[in-house]
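*Asks:* one predicted model, sequence on top.
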Protein chains: 2
Amino acid sequence: MAKDKKMVEAITSMDEDFAQWYTDVVKKAELCDYASVKGCMVIKPAGYAIWENIQHELDRRFKETGVQNVYMPIFIPESLLEKEKDHVEGFAPEVAWVTHGGLEPLQERLCVRPTSETLFCDFYAKDIHSYRDLPKVYNQWCSVVRWEKTTRPFLRSREFLWQEGHTAHATAEEAEARTIQMLNLYADFCEQVLAIPVIRGQKTDKEKFAGAEATYTIESLMHDGKALQSGTSHNFGDGFAKAFGIQYAAKDNTLQYVHQTSWGMTTRMIGAIIMVHGDNNGLVLPPRIAPTQVVIVPIQQQKEGVLDKAFELRDVLSNFRVKVDDSDKSPGWKFSESEMRGIPVRVEIGPRDIENNEAVLVRRDTHEKITVSLDEIEAKAGELLDTIQNDMLERARAHRDSHTYVATTYDEFVKTINEKPGFVKAMWCGDQACEDKIKEDTAATSRCMPFAQEHLSDKCVCCGKPAKKMVYWGRAY
Amino acid sequence: MAKDKKMVEAITSMDEDFAQWYTDVVKKAELCDYASVKGCMVIKPAGYAIWENIQHELDRRFKETGVQNVYMPIFIPESLLEKEKDHVEGFAPEVAWVTHGGLEPLQERLCVRPTSETLFCDFYAKDIHSYRDLPKVYNQWCSVVRWEKTTRPFLRSREFLWQEGHTAHATAEEAEARTIQMLNLYADFCEQVLAIPVIRGQKTDKEKFAGAEATYTIESLMHDGKALQSGTSHNFGDGFAKAFGIQYAAKDNTLQYVHQTSWGMTTRMIGAIIMVHGDNNGLVLPPRIAPTQVVIVPIQQQKEGVLDKAFELRDVLSNFRVKVDDSDKSPGWKFSESEMRGIPVRVEIGPRDIENNEAVLVRRDTHEKITVSLDEIEAKAGELLDTIQNDMLERARAHRDSHTYVATTYDEFVKTINEKPGFVKAMWCGDQACEDKIKEDTAATSRCMPFAQEHLSDKCVCCGKPAKKMVYWGRAY
């Protein structure tokens, strides 16, 4: 495979330097680029097409649960941001401030939204009057800005794209049910579409969202053993409703506060796809999210009939997202380029294949080659895409499970965190002091208190006091 | 129809006060609301759903011509905005400036993008090397900010949603062809989907985009006789390429500048739909863009079998965007609400209809009622939606044509503009002085030099010098 070398050599091995490997993949697969604005991204066509597929599939699932899309302003007046105390404390240090409009200074500073709870609350306070107006189950697709100090493409940037759902309900029970419903929706999406297995659980008070009563999270594990918070769903109770005066007349004519939730997923999931599935040849895309699922590479395309056959195959495979690479590059170059871009299935078709009425299907994930008759290529390609999708999820799950450890003593805990990248399950007393100590000693944070609790021991792994919860710990992006 | 009165009475008659009628429709049809941020909109579900349909249909048409979507940063450093002289002069007075990130002042001010030519140019300068990298045909969906002094929902606001396409080509001919191709795409979209007829033409130098060599436009006429610029497509020649140093190695190995275009359509088209098609009962949506195309209103829904039949009909009509209004409001209230929201077809079904195996279809645009057999309701509803779509376009065209006047003397011109709201076609010498005088005397501007030129006289309608072009003039939003 000498011809493949050119592009393959161009990226750092993931075992050698994972961070550099990540940056190389982002660049070579043409997913995004740095912008002139420090810490901001230019999302290129190959990256944005993945985001469009994420949007399309999430939006479809949202709408099935009654979500309606809306659009709120990009700016939040300073006085509005300050209405909920915990919220402003959490966000004010990292917002961008607009101070001038045109040639004139503004009377009040506006921040570029870091998240839109305050805008939705302001709107709901005006728009909700009676129980008949409830529930409100709104969502918006937009960009948000957080003035981060250190940034990495997709994972942490000063501007990123996301959706943010914001709901208002008559009762606490309904708000809690919606919070959990959306967390499960995110989890199913990650597992079924992105082939990324997740741990579902609740954040500790230290790690929860600024202003939330409870934050639920899905946590995934990257190939290097670091955790990634992959989606969060917050139950605000009636805290924001009280700060913003969002009340409704109940059926019994009493005035009640609404109960609220919010939930979001971002472009950082593109980073997760890279870091869960990628390999030393580049990106590996799960078929269900891949902008191109099948690429057809003609061999000896200058020979009569080869290109015609390639385009004929494209039509046969038109139920999939399929492309012919008829550029004037060599087949070897095309092979390594399609690998770098993570296209799940490559079809190789040359004069001899045509003679034999067959083609070669090559799996991106395992490099396995399968020769199939042209008469059944559509069925075979479909089966192969399904198989790849399932295998990718199972491989990621096996990797996650084999990198999930248990610690019952603090020595064991610290040693595991330091020596074995991955999740560490350990008991916790519920005290923030232990989280602080663990973070200082190991740089690990509590990722979540999983819904699937296990009893590993009676004592907190850190202080030895009686344990309240089993917690997933890990170093995280 | 006494029951209908409640909502109908709530809006101002369009003949009495068109501006107030517009505001009433925006509010009562729940399309958008004012935000706490002055001049910004909250786009509500009914409004955003129209925008989603516009996006979906435009995006599909874009991609058929090879457009790829990307995402550029929300911020433009001041030094970048200043690189092209005409461009910065046009936009600097109306941008919002970010001066602080988190707790610290920025070293360089950033503006919130009013449009993204400078960002695309900056990116293209790094990304384009050879003729093999061309053409670049990129687009992004985003929001932009322009610090307007007076604002109106959808028509002019400090933030609005749009798409902006930005392309780079090897030759001037290719750039010009793309500029015209996108203008025609916009025109076809307006006519075929929004049922809004447009005049295709070129802007005068006075009215063209800041930094463009040529701006093409589609102009439509609102019900009150005022014009609305509905989409623009700009040919930049190599002006931006020279300012930003965007060069490529041609096949003959010489270094050449690229030729660029940009083109955009915005949420103001929702305003156009309201003002072209709306009536005194509220919004009237063309079927192809309506989020709900058919609403089924059960009559005496408490009677056995009525609601079941209504939901059965929903399933029969599931090829359309269909809803049952099974709320506990009265049929009369539901009728006027569905009219206010502009739903193209209403199906009324009650016990007697069920007995007769029929239902009543009511057109939103003409209020015409048609009784159809339930056995053929799907076919009849489909035909009716097509008829409505066509009739709406033809009515809008007839209105536009009957409000398009010709003037050959200045007296006639001024009198027509003042007394007959609409377009005035008149000859022009090509001098900006005449445009300035006309604007001062009549508040009318040159809307475009239409591609379909007519020879109305030999002389400029303003100064009497030899005429160069026939121009559409009018007061505009």
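*Replies:* Alright, I've got the coordinates. Since the model is a prediction, treat every value here as computed from it, not as a measurement. Numbers count the residues shown, from 1 in each chain, chains lettered A, B, ... in the order given.

*Asks:* and A:L119, how far from A:V362?
*Replies:* Computed as Cβ to Cβ, to the nearest Å, the A:L119 to A:V362 distance reads 49 Å. Bear in mind the C-beta positions are built from the backbone N, C-alpha and C, glycine included.

*Asks:* among those two, which residue is more densely surrounded?
*Replies:* Comparing A:L119 with A:V362 by neighbour count (other Cβ atoms under 10 Å in any protein chain shown), the higher total belongs to A:L119, at 26 against 21.

*Asks:* the strand or helix carrying that one vs chain B: in contact?
*Replies:* Using DSSP states H and E, A:L119 sits within helix A:117-127. Yes - counting by Cβ under 8 Å from any Cβ of the partner chain, contacts between helix A:117-127 and chain B involve A:L119, A:D122, A:F123, A:K126, A:D127.

*Asks:* how about stretch A:57-64?
*Replies:* No - Stretch A:57-64 is not in contact with chain B by Cβ under 8 Å from any Cβ; minimum separation 9.0 Å.

*Asks:* what of stretch A:145-160?
*Replies:* Yes - for stretch A:145-160 and chain B, the contact criterion (Cβ under 8 Å from any Cβ) is met by A:V145, A:W147, A:R158, A:E159.

*Asks:* for the first one, give the beta-bridge partners.
*Replies:* In this case it means A:V145. On DSSP bridges, the residues paired with A:V145 through beta bridges are A:E159.

*Asks:* from B:L185, how far out is it?
*Replies:* Distance, A:V145 to B:L185, using Cβ to Cβ: 32 Å.

*Asks:* higher neighbour count, the two?
*Replies:* A count of neighbours by other Cβ under 10 Å puts A:V145 above the other of A:V145 and B:L185, at 26 against 21.

*Asks:* I figured the more buried one hits A:S116, correct?
*Replies:* No - A:V145 is beyond contact range of A:S116, at 11.7 Å (criterion: Cβ atoms under 8 Å).

*Asks:* flag every residue of the stretch 101-250 of chain A that's near chain B.
*Replies:* Contact residues, the stretch 101-250 of chain A versus chain B (Cβ under 8 Å from any Cβ): A:101-103, A:110, A:112, A:119, A:122-123, A:126-127, A:138, A:142-143, A:145, A:147, A:158-159, A:161.

*Asks:* OK, contacts around the spatially most central residue of chain A?
*Replies:* By Cα atoms, centre = their mean, chain A has its centre lying nearest to A:M269, at 2.3 Å. Contact analysis of A:M269 by Cβ atoms under 8 Å, 6 or more residues apart in numbering or on different chains lists A:I54, A:C190, A:L194, A:S230, A:G231.

*Asks:* return the subset of the residues you listed lying in helices.
*Replies:* Counting by DSSP state H, the contacts of A:M269 place A:I54, A:C190 in helices.

*Asks:* which one (most neighbours) among the contacts of A:M269?
*Replies:* Within these, A:L194 tops the neighbour count with 29 neighbours, counted by other Cβ under 10 Å.

*Asks:* so how far is chain B from that one?
*Replies:* For A:L194, the distance to chain B (Cβ to the nearest Cβ, to the nearest Å) stands at 20 Å.

*Asks:* I appreciate the help and will end here.
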